[in-house]
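**Q** From the sequence below, what's the structure:
(one chain, ligands or ions: 1)
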Amino acid sequence: MATVLMFHRVLPEKLIKTPNAYTDFGTLISQEYLSEILQWLTDNKYKFIKISDIINYVNVDKILALTFDDGYADNFHYAYPILKKYNATATFFPLVSNSLENCVLPLDTYYQCVDELDLNENERRNYIKGDIKNKFYWAEPQIQRDMLKTLFNNLPKESRVDYMTVEQLIELSNNNFEIGSHGVSHSLLIADYMTEEKIISEMKNSKKWLESVIKKAVIAYCFPAGLYNYDMIKLAKKIGYKSVCLITKKDNIKPVLPAYTRFFVKPNSLDELKVQLNILNFN
Ligand SMILES: [Zn+2]
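**A** Numbers count the residues shown, from 1 in each chain. Alright, predicted model coming up:
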């Protein structure tokens with residue numbers, strides 16, 4: 001069975017400003033580090049496949065599927081060249097709110113503001129992994145926008161992140177990379193504010209929009225933050241997805257679609273990954 005790796009943002013080391021909330025949370029690694037990981041995997045004879053091809057490699061060893069969540073433009077500028085260099089394919093799970101609604105993801109503004117605050121280590125942890133972050137993370141995107149105004153004095157006029165453009169998504173899709181859906185707005189599907197109608201619209205509208213862009217069927221869905229329940233996998237199937245990506249599996253019920261757990265590649269996680277891959281190889 002393939003191992004699935006989860007990446008988010010990728011930037012050259014020299015462009016990573018500190019302090020950096022993404023690095024601290026684990027959702028930003030350096031381009032040099034991505035290169036090191038791919039070099040190690042290539043040296044160790046791993047083969048890279050797309051998420052939707054996993055079902056064709058069930059009994060094959062040393063198979064990896066690389067996934068990139070959230071659709072940042074840095075994926076195109078800095079991960080894509082490295083992937084090409086190592087002849088590795090991957091699956092990208094962009095959000096579509098930026099293209100559909102022309103808005104910055106509230107979490108991106110939040111991280112940008114946090115990095116501009118003068119905080120001690122404890123305060124910073126609270127903003128990135130603690131209660132303040134949790135309260136923000138679990139709020140509806142519209143509420144998050146209001147929260148930003150009360151949490152921070154000055155909101156940035158310009159976002160420091162960009163998302164992949166239509167042209168970039170098309171180029172990836174035309175070059176043997178898979179485009180899957182991560183929903184529209186990164187709403188957490190199990191959050192209190194979600195209704196079945198909202199869940200369906202996240203899954204359906206993102207699929208529809210991406211398909212209109214890449215002119216191919218979008219059949220892989222990735223749950224924002226890996227948060228899901230069994231009924232949501234059933235909905236994904238009904239909407240036309242053929243597999244779902246999670247982070248960890250939370251129950252033993254056999255889902256109605258292939259559901260893949262993923263190894264979260266954070267800064268300095270290569271040793272942990274080696275351990276995990278060795279364990280998988282022995283089984
Ligand atoms: Zn995400």
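**Q** Could you pull out the buried residues of the helix or strand where residue 235 lies?
**A** Residue 235 is part of helix 230-239, with elements assigned from DSSP states H and E. Across helix 230-239, burial judged by 16 or more other Cβ atoms under 10 Å covers 232-233, 235-237, 239. The C-beta positions use only the backbone N, C-alpha and C, and glycine is treated the same way.
**Q** Sheet partners, orientation included, of the helix or strand just after that helix?
**A** Sequence order places strand 243-245 as the next helix or strand after helix 230-239, per DSSP H and E. Sheet pairing for strand 243-245, assigned by DSSP bridges, gives strand 220-222 (parallel), strand 259-260 (parallel).
**Q** Which of the ones you listed has the highest mean neighbour count?
**A** strand 220-222 (a mean of 29; mean count of other Cβ atoms under 10 Å).
**Q** Quick one: distance of that strand to the chain centre.
**A** Centre-to-centre, strand 220-222 and its host chain are 10 Å apart (Cα atoms, centre = their mean, to the nearest Å).
**Q** How about residues contacting that strand?
**A** By Cβ atoms under 8 Å, 6 or more residues apart in numbering, the surrounding residues in contact with strand 220-222 are 51-52, 67, 69, 91, 93, 178, 180-182, 203, 207, 236, 241-245.
**Q** Give me the distance between the closest residue to the ion within the stretch 51-200 of the chain and residue 254.
**A** The ion sits closest to residue 69 of the stretch 51-200 of the chain, with a gap of 4.1 Å, by Cβ to the ion. With the distance defined as Cβ to Cβ, to the nearest Å, residue 69 ends up 25 Å from residue 254.
**Q** could you measure whatever residue of the stretch 101-250 of the chain ends up closest to the ion against residue 157, distance?
**A** Distance from the ion to each residue of the stretch 101-250 of the chain (Cβ to the ion) is smallest for residue 224, at 4.9 Å. Counting by Cβ to Cβ, the gap from residue 224 to residue 157 is 27 Å.
**Q** go on, residue 244?
**A** 38 Å.
**Q** Residue 35 now?
**A** Where residue 157 is concerned, residue 35 sits at a distance of 34 Å (Cβ to Cβ).
**Q** can you check residue 218 too?
**A** When residue 218 is compared with residue 157 (using Cβ to Cβ), they lie 34 Å apart.
**Q** These two: which is more packed in?
**A** Higher neighbour count among residue 218 and residue 157: residue 218, with 24 against 5, using other Cβ atoms under 10 Å.
**Q** would you say the more buried one is within a strand?
**A** No. Residue state for residue 218 (DSSP: H, G, I helix; E, B strand; the rest coil) corresponds to coil; a strand is not indicated.
**Q** Now do the same contact list for it.
**A** Residue 218 neighbours (Cβ under 8 Å, 6+ apart): 179-181, 206-207, 210-211, 241.
**Q** Which of those residues fall in strands?
**A** Of the contacts of residue 218, the ones assigned to strands by DSSP state E are residue 179.
**Q** could the contacts of residue 218 be laid out in JSON lines, adding neighbour count and pLDDT?
**A** Below are the contacts of residue 218 laid out as JSON lines (neighbours: other Cβ atoms under 10 Å; pLDDT from 0 to 100):
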{"residue": "179", "neighbour count": "23", "pLDDT": "98"}
{"residue": "180", "neighbour count": "26", "pLDDT": "98"}
{"residue": "181", "neighbour count": "27", "pLDDT": "98"}
{"residue": "206", "neighbour count": "26", "pLDDT": "97"}
{"residue": "207", "neighbour count": "24", "pLDDT": "98"}
{"residue": "210", "neighbour count": "24", "pLDDT": "98"}
{"residue": "211", "neighbour count": "16", "pLDDT": "98"}
{"residue": "241", "neighbour count": "22", "pLDDT": "98"}
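**Q** and the protein, which residues reach the ion?
**A** 69-70, 224 (Cβ under 5 Å from the ion).
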